[in-house]
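Enquirer: Sequence below, structure please.
(2 chains)
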Amino acid sequence: MNRLDVMDVEKVFHEPDRSKLQILSQITLSIYEKELIIVKGPSGSGKTTLLNILAGLIRPTTGSVYFNGIDISQLNLKQLATYRLNHIGYLFQHWNLFPFLDARENIEIPARLQGLTHSSRIKKIEELSTSLGIYNRLNNRPDEMSGGQKQRVALARALINDPSFLLADEPTSNVDAQTRTNIVDILQERRENGLGLLIATHDPFFEELADKVYILENSTLKIIKNDTINITGEIRS
Amino acid sequence: MLEIKAETSHSTFMIEKNKHSLLTLISIAFSNIKSRISRYLIIILGISLITILVLIIRGYSLILIIVENFQINESILIYNSFVTIICLGLVSISVISTFFLAITERMEEIGLYRTSGARSLDVFLIFEIETLGIGLIGVILGYITGLLLLLVDLLRRWGVDTTVSFFERHQIEVSNFLVTNLLLLIPFILIIVFIASIIPIIIASRMKVINILEVRI
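Expert: Just a heads-up that it's a prediction; the model follows:
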C-alpha cells in the first residue's frame, strides 16, 4: 500500500532582511492510497509550502517526508525527479501550463518523459480529455482556453502517469459548477482505483468527501474531521 | 508518533529510472521548435544571413580565381578576411544575445519540465537540442538561399550556356566548394548557438525548481 508520511516537519524561510519566517511547525500527517485529505487555512498559511515539500520541490528545514518508507528529503535531484515523474501528480493553483504548447502536448510531456509509447499516450490522452470534457480543445494553446479548461488540462497532465498521489492546490477555485462536478467525479474515480489525494482547498464539496480535514493555522496543523478508523495502532482509511 | 517502516528499500529510486530515451528528448525539442517557430524566425533569419554572407564572399573569391585568373595578394586577403570577421562577429553577437534572451525568458518553462519529472540533464538536453536544431535549420536555409543567389547571379551575368559549361569544366572545384563550406558553416554556426544557449540553460537547469516558479506559486 502506498503511503506518504510527514514527520515533524518544520519550514523556515529566510527573509531578505535576514529575519526568519516560520511557515510550518511540527507538521505530522499520513496519507494512504484511496485517501482524500483536505488542508484548509487562510491565505499565506503555508498550504502550498506543505504541498511543495511533499512533491520534493523544497526540502523541509527539519523533519522528514517518507514515501513508502523512503525519506524523500534525503534523495538527490535525479532521484527526486524520478519520484515526481512516477509517483506524484501536482496540480498548481495557476495551472502552470507550457504557454507555447497546445493542450495535447501539455498533457503529453510527463508521459513522454516516462517513456510511454505513442499509442498508449494517445489512448490515455483521449480517455482523460474525454472524461474531463476537453477533448475538443486538445489542439488549443493555453491562451485560447478559459480558466476552467486550463485547470482541466493541468489536471489531465497531473494524472496521465497514473501517480500514486495527487497534490492539488485549490483545484476548483477557478471553475464553474459543472466543471467542478466534473473534476470531483474524475478524482473520485481515480481514488477508487488507488489514488491518494492531498488537496489544499476551501471547497465544501471536497470536505464532504474527505477522510480527514486539517486546518493549517499559525504554522501548525490541526485535524477537524477524521473519518478513518484506528486499527492496531496504525491509521488506515 | 507514527513508526515508519520502509516497505521498499532506499535503492528503489536508483533502480527505478526514467525510461525515456534520447529520441524522446529530441521529439520534445522538435515539438518546441514547431510550436515556437514564429518566435524563432528572427534568429533563423540572422543565422541564414551569416551563412549567405560567408557563401557569397567565398563564392565570388572562387569565381575570381578560376574565371579571371585573379591572383590574390596578401593585402587583399587580409582585407577580405578582416571584413568577413567583422561581419561574422557582429551577426554572431546579435544571434548570441537574441538566443540568450530567448532562453532566459523561458526559465519558468524549464521549471515546469522539472516539476513534470524531467531531470536537470533532460532539461539541458531538450533545450540544447532545440537551440542546435534552430541553428541547423538556419544554416541549411542560408546555405540553400546563398547557393541559389550565387546561381541566379551567374545565370544573369553569363547566361545558361556559359554557366553550365563553367560547372562542367570545374566540377572538382565546385564540389569542393559545396562540401568545404557546408563542413565549415555547420560547426561554426552550431558552436555560436551552443555558446549562446549554454549559460542560461545550465543556470536554469541547476536552479531549484521552486526558485524558478516562485513568482507563480
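
Enquirer: For A:Arg157, list the residues it contacts.
Expert: A:Leu97, A:Asn106, A:Ile107, A:Ile109, A:Pro110, B:Ser116 (Cβ atoms under 8 Å, 6 or more residues apart in numbering or on different chains). Bear in mind the C-beta positions are built from the backbone N, C-alpha and C, glycine included.

Enquirer: Please repeat the previous calculation with a cut-off of 6 Å.
Expert: Going by Cβ atoms under 6 Å, 6 or more residues apart in numbering or on different chains, A:Arg157 touches A:Asn106, A:Ile107.

Enquirer: before we move on, what about the one 4 residues further on?
Expert: The contact partners of A:Asn161, by Cβ under 6 Å, 6+ apart, come to A:Pro110, A:Gln114.

Enquirer: Double-check that it belongs to a strand.
Expert: No - using DSSP: H, G, I helix; E, B strand; the rest coil, the assignment for A:Asn161 is coil, not a strand.

Enquirer: From A:Leu113, how far out is it?
Expert: 8 Å (Cβ to Cβ, to the nearest Å).

Enquirer: List the contacts of the residue most central in space within chain B.
Expert: What sits nearest the mean C-alpha location of chain B, by Cα atoms, centre = their mean, is B:Gly135, with 1.8 Å. Taking Cβ under 6 Å, 6+ apart, we find B:Gly135 in contact with B:Ile47, B:Ile189, B:Leu190, B:Val193.

Enquirer: Flag every residue of chain A that's near chain B.
Expert: Taking Cβ under 6 Å from any Cβ of the partner chain as the contact definition, chain A meets chain B at A:5, A:48, A:57-58, A:66, A:68-70, A:78-79, A:81-82, A:84-85, A:90, A:94, A:96, A:98, A:100-101, A:105, A:109-110, A:112-113, A:115.

Enquirer: Report the buried members of those residues.
Expert: A:5, A:48, A:57-58, A:66, A:68, A:70, A:78-79, A:81-82, A:84-85, A:90, A:94, A:96, A:98, A:100-101, A:105, A:109-110, A:112-113 (16 or more other Cβ atoms under 10 Å in any protein chain shown).

Enquirer: what pLDDT does the most centrally placed residue in chain A get?
Expert: Against the mean C-alpha coordinate of chain A, by Cα atoms, centre = their mean, the closest residue is A:Leu167 at 1.0 Å. Here, the pLDDT recorded for A:Leu167 equals 96.

Enquirer: where along chain A do the helices fall?
Expert: In chain A, the segments counted as helices under DSSP state H are A:47-54, A:77-87, A:103-113, A:118-132, A:147-159, A:177-192, A:204-209.

Enquirer: And for chain B?
Expert: In chain B, the helices defined using DSSP H lie at B:12-15, B:22-35, B:37-67, B:74-104, B:107-115, B:120-169, B:171-206, B:209-213.

Enquirer: Can you tell me which of the ones you listed is nearest to A:Tyr214?
Expert: Between A:Tyr214 and the helices of chain B, the shortest gap by Cβ to Cβ is with helix B:209-213, which sits at 22.2 Å.
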